[in-house]
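Undergrad: What shape does this take:
(one chain, ligands or ions: 2)
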Amino acid sequence: MNLGFGVVGTGAIGQEHMKRITRKLTGADIVAVTDVNQELAGNIVKELNLNASVHKDDTELINDPNVKAVLVTSWGPAHEGTVLKAIEAGKFVFVEKPLATTSEGCERIVTAEQEQGKRLVQVGFMRRYDSGYLQMKEAIDNNFIGEPLMVRCSHRNPEVGERYTTDMAILDTLIHEIDTLHWLVGDDYKSIQVTYPKKSSRALEHLKDPQIVTFETKSGIIMHAEIFVNCQFGYDIQCEVIGEEGVVKLPEVPSVGYRKDGVRGYKILQDWQHRFNDAFNNEFQDFIDSINQKGEPQGPSSWDGYIASVTGDAGVRAQTSEQVEVIELPDRPDFYKKTKLEESSL
Ligand SMILES: NC(=O)C1=CN([C@@H]2O[C@H](COP(=O)(O)OP(=O)(O)OC[C@H]3O[C@@H](n4cnc5c(N)ncnc54)[C@H](O)[C@@H]3O)[C@@H](O)[C@H]2O)C=CC1
Ligand SMILES: O=C1[C@H](O)[C@H](O)[C@@H](O)[C@H](O)[C@H]1O
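TA: Numbers count the residues shown, from 1 in each chain. Ligands and ions are numbered 1, 2, ... in the order given. Okay, the predicted model is just below:
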């Protein structure tokens, strides 16, 4: 029996995920959609030739008996309400980041999920399903480089629009490194600091860009993360972990080499959709298979969403203070014990 998805938010990534579920993945169908833009929701059902109901809102969709899993791809501020409604109804949830826009909202979700007594929620931290990061984690977990000591990474976008704000660099962009880096080295964050290099002339007046974010973990690992959202040349994600006995580095994404007009080189991807396409497919197939075969999701949990929110909030404080800000997290509840993805790399 295929897992019936109800989609809340049929915008850009909602449509991407609907296409991957219906055209590439196995074990699931889209059975219902809703969007505040009802015309948009109806149009995507027609475009994809889906046998799916168009509901007036998330409440009606969640109450649809054919909906067994809710895909939340609405705007961030709407996530908490929909996730809580889905948990209350005992429905599985795949929610794109952020889990909620405040750490208090994440706590409400964590509490509600534990009261339900079973894991229902997976957060869309797709980098944990990227083959390059998984290879890095396998090497680190197998002590191939010895104890990790330092991390250097870069999150570069070619450019961003005028609605992109300085805090989004932490809350919307670096959230991916925030989730990935502590998972990669298996150590919790202790503090965060933000410094501002010389501003790019390509950054709009209101935006501080680039930014350098420095994390320290509880065991003393120092992580430097560059966020540069107007780099011009492409969508460029870099990461290396330096250990006592070696270095492990995120592989460059394969792309065709060329020789032309006396120049040789390789093309650089220009967007996150292409850079992480396989990871998106893998995270959803894992969500579908885990529910169909084991009865609950195994991927990044509500607790991971909570960690990202608390850390992001400290990062935004650090953007203003330019001081070292402490990241205070309670111990991970037993309910959110390490899943297969967290314990093993492949
Ligand atoms: N994992 C990743 O790499 C990425 C994640 N995202 C996340 O996905 C989410 C959606 O982003 P986009 O698709 O770019 O936005 P979008 O603006 O293209 O689509 C959002 C859709 O949700 C609808 N919507 C908003 N509030 C709603 C509500 N309360 N009920 C029903 N529909 C509602 C809007 O009408 C819109 O059609 C965001 O949380 C974003 O952070 C976005 C891009 C990449
Ligand atoms: O979630 C995303 C995308 O996945 C990109 O990695 C980021 O650069 C973007 O800012 C954010 O919306």
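Undergrad: May I ask you to confirm that residue 155 belongs to a helix?
TA: No: counting by DSSP: H, G, I helix; E, B strand; the rest coil, residue 155 is not found in a helix; it is strand.
Undergrad: neighbours around the residue nearest to it when sequence neighbours are not counted, how many?
TA: Excluding its sequence neighbours, the residue lying closest to residue 155 (CB to CB, 6 or more residues apart in numbering) is residue 227, at 5.3 Å. The C-beta positions use only the backbone N, C-alpha and C, and glycine is treated the same way. Other residues lying near residue 227 total 25 when counted by other CB atoms under 10 Å.
Undergrad: can you check the one 4 residues further on too?
TA: Counted with other CB under 10 Å, the burial measure for residue 231 works out to 21 neighbours.
Undergrad: ok, now residue 14?
TA: 22.
Undergrad: cool, and residue 267?
TA: Neighbours around residue 267, by other CB under 10 Å: 11.
Undergrad: Ok, residue 190 next?
TA: Count around residue 190 with other CB under 10 Å applied: 17.
Undergrad: okay, it: pLDDT?
TA: pLDDT recorded at residue 190 is 98.
Undergrad: Can you name the residues that contact the nearest residue to residue 185 once chain neighbours are set aside?
TA: For residue 185, ignoring the flanking residues on the chain, the nearest one in space by CB to CB, 6+ apart is residue 148 at 4.6 Å. Listed by CB atoms under 8 Å, 6 or more residues apart in numbering, the contact set of residue 148 reads 140, 185, 187, 221, 241, 242, 243.
Undergrad: from those, which would you call buried?
TA: 140, 185, 187, 221, 241, 242, 243 (16 or more other CB atoms under 10 Å).
Undergrad: Quick check: the residue nearest to residue 155 touching residue 175?
TA: No: using CB atoms under 8 Å, residue 227 is not in contact with residue 175; the gap is 10.7 Å.
Undergrad: Residue 204 touches residue 162, doesn't it?
TA: Yes: because the distance of 5.8 Å satisfies CB under 8 Å, residue 204 is recorded as touching residue 162.
Undergrad: So if I had to pick from those two, which one is more boxed in?
TA: Legend: neighbour count by other CB under 10 Å for residue 204 and residue 162, higher for residue 204 (15 against 9).
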